[in-house]
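Undergrad: Just the structure for this:
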Amino acid sequence: MNKPTTPRKRQHLAFLLGIVLGLAGLLFLSQMDRFHIRGPMNTGHEDVKCMACHKDAPGSARQQIQANLQFVLGKRQNSANFIHAPVSNKECLECHERPNDNHPVYRFLEPRFLKARQALGPDRCLSCHAEHNGRRVTLTDTSYCRNCHKNTQLRKDPVDVPHDRLIALNLWDSCLGCHDFHGNHIRQPAKTVEKIIPPEKITAYFNGGLSPYGEQRHHQAKKETDDGR
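TA: The predicted structure is shown next:
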């Protein structure tokens, strides 16, 4: 004859059932993109699949849970990624890396750019292009060139108002009027200050508007990653 189930045992069973259902729900939702979109995709990323950036975390779900339990119990130094690994430069560069980038992220790892890293984080793509904001560039300060170029002097300056004069006047929002940060647009910079692209057009472009630099580019981003995502 079976023994009657005690209230405490029923509580334990209900607790375990809750954990199992919760984990099953997380696994289900992880496969359903539309359930966990955090915001509109950035400009140009409208057709990018979630899995192109959100790659699977190492190990099975059971192993990930075990690792995190060990972390909670103090038997492991670091927690483990659950379901998805964090998005890093690697995922961005799978589509956007090119050999003639004027400001590649790896360059900012040099010691001389320590202050720039602390101020802007230019060694991380997401510092300027945080996804799920429905924009092209999420960094709102367009005067960021000051972090690295405040000592710029050109022997044969091509602009009617020399660069060092523009810097002395603190006109940092004029830089992007001639130079797009990654140097991907094919164009001739203006030779007079009055013909540079005004800051409001740069801001509109950052917010997802048309390019004031023109549509001719050195590099076109891949439509999908090498693994077909």
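Undergrad: who's in contact with the residue most central in space within the chain?
TA: Central residue of the chain (Cα atoms, centre = their mean): residue 126, 2.2 Å from the mean position. Listed by Cβ atoms under 8 Å, 6 or more residues apart in numbering, the contact set of residue 126 reads 87, 92. For every residue, glycine as well, the C-beta is placed using N, CA and C.
Undergrad: ok, now how distant is it from residue 92?
TA: Separation of residue 126 from residue 92 (Cβ to Cβ, to the nearest Å): 8 Å.
Undergrad: Check residue 189 too.
TA: 26 Å.
Undergrad: And these two? Which one has more around it.
TA: Higher neighbour count among residue 189 and residue 92: residue 92, with 18 against 14, using other Cβ atoms under 10 Å.
Undergrad: Check what pLDDT that one gets.
TA: We have a pLDDT of 96 for residue 92.
Undergrad: Also residue 162?
TA: 96.
Undergrad: In the protein, what helix or strand scores lowest on average pLDDT?
TA: Every helix and strand in the chain was compared by mean pLDDT, DSSP states H and E; the lowest is helix 7-30, with a mean of 64.
Undergrad: residue ranges with poor pLDDT in the protein?
TA: For the chain, applying pLDDT under 70 flags the ranges 1-5, 7, 10-37, 225-229.
Undergrad: Helices of that one, start to end?
TA: Under the criterion DSSP state H, helices of the chain are mapped to 7-30, 50-53, 61-72, 89-96, 114-120, 146-149, 163-168, 199-206.
Undergrad: Show me the contact partners of the fourth one.
TA: What that stands for is helix 89-96. By Cβ under 8 Å, 6+ apart, helix 89-96 touches 52-53, 55, 105, 123-126, 129, 219, 221-226.
Undergrad: now swap in the fifth one and tell me
TA: Residues lying outside helix 114-120 but in contact with it, judged by Cβ under 8 Å, 6+ apart, are 108, 122-123, 127-128, 139, 144, 147-148.
Undergrad: try 6 Å this time
TA: Helix 114-120 is contacted from outside by 108, 122-123, 144, 147-148, using Cβ atoms under 6 Å, 6 or more residues apart in numbering.
Undergrad: can you pull the buried residues of it?
TA: 116-117, 120 (16 or more other Cβ atoms under 10 Å).
Undergrad: can you check the third one too?
TA: Along helix 61-72, these residues count as buried under the neighbour rule (16+ other Cβ under 10 Å): 64, 67-68.
Undergrad: Leaving out the residues flanking it, which one is nearest to residue 55?
TA: residue 85 (5.1 Å; Cβ to Cβ, 6 or more residues apart in numbering).
Undergrad: Roughly how far does residue 126 sit from residue 53?
TA: Counting by Cβ to Cβ, the gap from residue 126 to residue 53 is 10 Å.
Undergrad: again, but for residue 135
TA: 16 Å.
Undergrad: now do residue 111
TA: 30 Å.
Undergrad: Those two: which is more packed in?
TA: Neighbour count, other Cβ under 10 Å: between residue 111 and residue 53, residue 53 has more, with 20 against 6.
Undergrad: show me the contacts for the more buried one.
TA: Residue 53 neighbours (Cβ under 6 Å, 6+ apart): 87, 91.
Undergrad: ok, now with 10 Å
TA: 45, 84-85, 87-88, 90-92, 94-95, 131, 225, 229 (Cβ atoms under 10 Å, 6 or more residues apart in numbering).
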